[in-house]
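*Asks:* sequence isn't available, so here's the structure alone:
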């Protein structure tokens, strides 16, 4: 079985008086869960302010990326948007809150845009990707596209965006290179 829809995961933690230990990624567990992906690079970001949005980002083929995202400090609301041409769930999204304390992870397959918003100050996010960064394949969709309709938990001060994210196209202006594989986007089950 190949899992080509976003999935919410949590690795078990083993604790004692000193604290805890967890395997954040296990290839054997990923294969058993049906994830056919090989990660080649780890990335990490720091965001100082509440309401920082990074996304909606993706990489086009031939360097399309699957991601495994976790919050290592603080908390975020994380999103995946279906960009697969021909999908009955094209343009729909799923979201989950990821916290350093909870250890939740979101798997974002190829064919989905990814974004998150910080829910507190001084947040660090770490994620694995299945292909190296390729600037010529870099892409994105406007974070606030009304046809997607993400329910961003914005602070009163509004969103904090990069210059790049301020000028991304809408979904209607996007010609998707991603093909539907027969598995529609499904809701994320609670952990």
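*Replies:* Great, that's in hand. Quantities reported herein were computed from a predicted structural model and do not represent experimental measurements.
*Asks:* tell me which residues of the helix or strand containing residue 28 come out buried.
*Replies:* Following DSSP states H and E, one finds residue 28 within helix 27-32. Across helix 27-32, burial judged by 16 or more other CB atoms under 10 Å covers residue 30. Quick note: C-beta positions are derived from backbone N, CA and C, even for glycine.
*Asks:* following it, which helix or strand comes up?
*Replies:* By DSSP H and E, the next helix or strand past helix 27-32 is strand 41-47.
*Asks:* who touches the following helix or strand past that following strand?
*Replies:* Downstream of strand 41-47, the next assigned helix or strand under DSSP H and E is strand 53-59. Outside strand 53-59, the residues that touch it by CB atoms under 8 Å, 6 or more residues apart in numbering are 45, 47, 64-65, 79, 81, 83, 112-117, 125, 131, 133-134, 137-143, 148, 152, 159-162, 165, 168.
*Asks:* write a ChimeraX command that selects only the buried members of these.
*Replies:* Selection of the buried residues among those in ChimeraX, burial being defined by 16+ other CB under 10 Å:
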select :47,64,65,79,81,83,112,113,114,115,116,117,125,131,137,139,140,141,142,143,148,152,160,161,165,168
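*Asks:* in strands only, show me the contacts of strand 53-59.
*Replies:* For the contacts of strand 53-59, membership in strands holds for 45, 47, 79, 81, 112-117, 125, 138-140, with DSSP state E as the criterion.
*Asks:* circling back to that earlier point, mind listing residues that contact the helix holding residue 28?
*Replies:* 11, 23, 37.
*Asks:* Provide a list of residues in contact with the second one.
*Replies:* Residue 23 sits next to 11, 29 when contact means CB under 8 Å, 6+ apart.
*Asks:* flag the shaky bits of this structure, pLDDT-wise.
*Replies:* Counting by pLDDT under 70, the chain shows low-confidence ranges at 1-3.
*Asks:* element containing residue 190?
*Replies:* Here residue 190 is assigned to no helix or strand, by DSSP H and E.
*Asks:* hmm, I typed the wrong one, I wanted residue 8.
*Replies:* Applying DSSP H and E, one finds residue 8 within strand 7-10.
*Asks:* list the buried residues of that strand.
*Replies:* 7, 8, 9.
*Asks:* in a markdown table: the ones in strands among the contacts of strand 53-59, plus distance to residue 70.
*Replies:* Formatted as a markdown table, these follow (distance: CB to CB, whole Å):
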| residue | distance to residue 70 |
| --- | --- |
| 45 | 12 |
| 47 | 14 |
| 79 | 15 |
| 81 | 19 |
| 112 | 17 |
| 113 | 18 |
| 114 | 13 |
| 115 | 15 |
| 116 | 11 |
| 117 | 16 |
| 125 | 7 |
| 138 | 22 |
| 139 | 23 |
| 140 | 21 |
